[in-house]
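**Student:** starting from these lines, generate the structure:
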Amino acid sequence: MVMNEQRANLSRKSAENQQMSMQMSILENKTEELTRDRDNLNWTLGVLENKTEELRRDRDNLNWTLGVILDFNTFPVNEHCPDKKCQPCLKDWIQFKENCYLFHDPHANWKSWQNSRRYCQSRDADLVVIDSLQEQEFISNHTQPYSIYHGYWIGLQVTDEQKWLWVDGRSVTLQYWLMKKLNRPGRCILMIPGKNVTASWDSAPCAMENIFICETKALIKSE
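**Tutor:** Residues are numbered from 1 along each chain as shown. Sure, this is the predicted structure:
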C-alpha cells in the first residue's frame, strides 16, 4: 500500500517536473523571440533615426540653397547649374565650408581696394571677411607671393573714427598682423602671402593696386 502511494507520488512529481520543464522551454523560446523582436526593433529604430537625420540634413541644405538663390535679383541658372546639375561654386572659385572664394590672378590687372571690391560685388560677392583661424589658414594656403611689397586685398579697412571694420559692418575681432610692416601706413588691409599664417596682415594705402580675394556663399554646403 505504502509502496503504491510512493510510486504514485513519484509519478506525479515526475509529471510535474516534465510539465515545468516544458513550460521553462516555452518561456525560454518566448524570451529569445522577444529578444530578437527587440533587437530587430532597435535596428529598425536606428535605421529610421539615420534616415531622419539624413532627411533633416537634406532639408537644411535645401533651405540654405533657397536662401542663397533668394539673395539674387536674377539667379544665373546656367552658370551655377550647367547641364542641369548645380555646383557649390562657380568655375574658378574654391569652396571652403559654407563659402566660395575667388583668388584674383596675379597676371590679371591689379586694382585698388575700392575697385577690387567693385569687381567682387559685380559677381554677387564681396572682399573676403575672415571669421576664424581655419579660414585664415585656408586663404593662406591658396595665396602665392607675386611681388615683394604687394599682397591680396581683404575686406577690412579703417573708418574715419579710426575703427577697423569688415565690409559686412562687423568690428574686427581676430587679428593677424605682420610683426614688421612692409608698406606705408594706410586704411586698407592686405594679406601678404608666404608669411606666417598668424602674422600676415599689413595696412596699405587704399589706392595701391594689388590682387584680391572675393567671397560669397556656396550654393551647396559641404558636410
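**Student:** quick one, phi/psi of T216?
**Tutor:** Main-chain torsions, T216, degrees, to the nearest 10: phi -150, psi 170.
**Student:** tally of neighbours for the nearest residue to it once chain neighbours are set aside?
**Tutor:** Once flanking residues are discounted, T216 sits nearest to A125: 3.7 Å by Cβ to Cβ, 6 or more residues apart in numbering. For the C-beta atoms, the positions are set from N, CA and C on the backbone; glycine is no exception. When neighbours are counted by other Cβ atoms under 10 Å, A125 registers 21.
**Student:** pretty sure A125 contacts L102?
**Tutor:** Yes - between A125 and L102 there is a contact under Cβ atoms under 8 Å: 6.9 Å.
**Student:** now tell me which helix or strand of the protein has the poorest mean pLDDT.
**Tutor:** helix 2-70 (a mean of 73; mean pLDDT, DSSP states H and E).
**Student:** what about it, distance to the chain center?
**Tutor:** 40 Å (Cα atoms, centre = their mean, to the nearest Å).
**Student:** which helix or strand lies directly C-terminal to that helix?
**Tutor:** As assigned by DSSP states H and E, the chain's next helix or strand after helix 2-70 is helix 77-80.
**Student:** just checking the distance from that next one to the centre of its chain.
**Tutor:** Using Cα atoms, centre = their mean, the offset of helix 77-80 from its chain centre is 22 Å.
**Student:** buried residues in that helix, which are they?
**Tutor:** H80 (16 or more other Cβ atoms under 10 Å).
**Student:** helices and strands around that helix, which ones?
**Tutor:** Contacting helix 77-80 under the criterion 3 or more Cβ pairs under 8 Å, 6 or more residues apart in numbering; DSSP states H and E is no other helix or strand.
**Student:** list residues touching both of A125 and L102?
**Tutor:** Shared contacts of A125 and L102 (Cβ atoms under 8 Å, 6 or more residues apart in numbering): 214-215.
**Student:** can you pull the contacts of the spatially most central residue of the chain?
**Tutor:** When the chain is reduced to its mean C-alpha position, the nearest residue by Cα atoms, centre = their mean turns out to be K97, at 3.7 Å. Each residue near K97 by Cβ under 8 Å, 6+ apart is listed here: 135, 218, 221-222.
**Student:** in a markdown table: the residues you listed, plus distance to N29 and secondary structure.
**Tutor:** Converted to a markdown table, these look like this (distance: Cβ to Cβ, whole Å; DSSP: H, G, I helix; E, B strand; the rest coil):
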| residue | distance to N29 | secondary structure |
| --- | --- | --- |
| E135 | 61 | helix |
| A218 | 57 | coil |
| K221 | 51 | coil |
| S222 | 51 | coil |
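**Student:** closest one of these to D202?
**Tutor:** E135 (18.3 Å; Cβ to Cβ).
**Student:** against V129, how distant is that closest one?
**Tutor:** 9 Å (Cβ to Cβ, to the nearest Å).
**Student:** and R36, by the same measure?
**Tutor:** 56 Å.
**Student:** those two: which is more packed in?
**Tutor:** V129 (17 against 10).
**Student:** ok now do that one, which residues does it touch?
**Tutor:** By Cβ under 8 Å, 6+ apart, the residues touching V129 are 154-156, 166-168, 170, 215.
**Student:** how does this protein divide into domains?
**Tutor:** Listed domain ranges for the chain are 1-70, 89-217 (source: automatic domain parsing).
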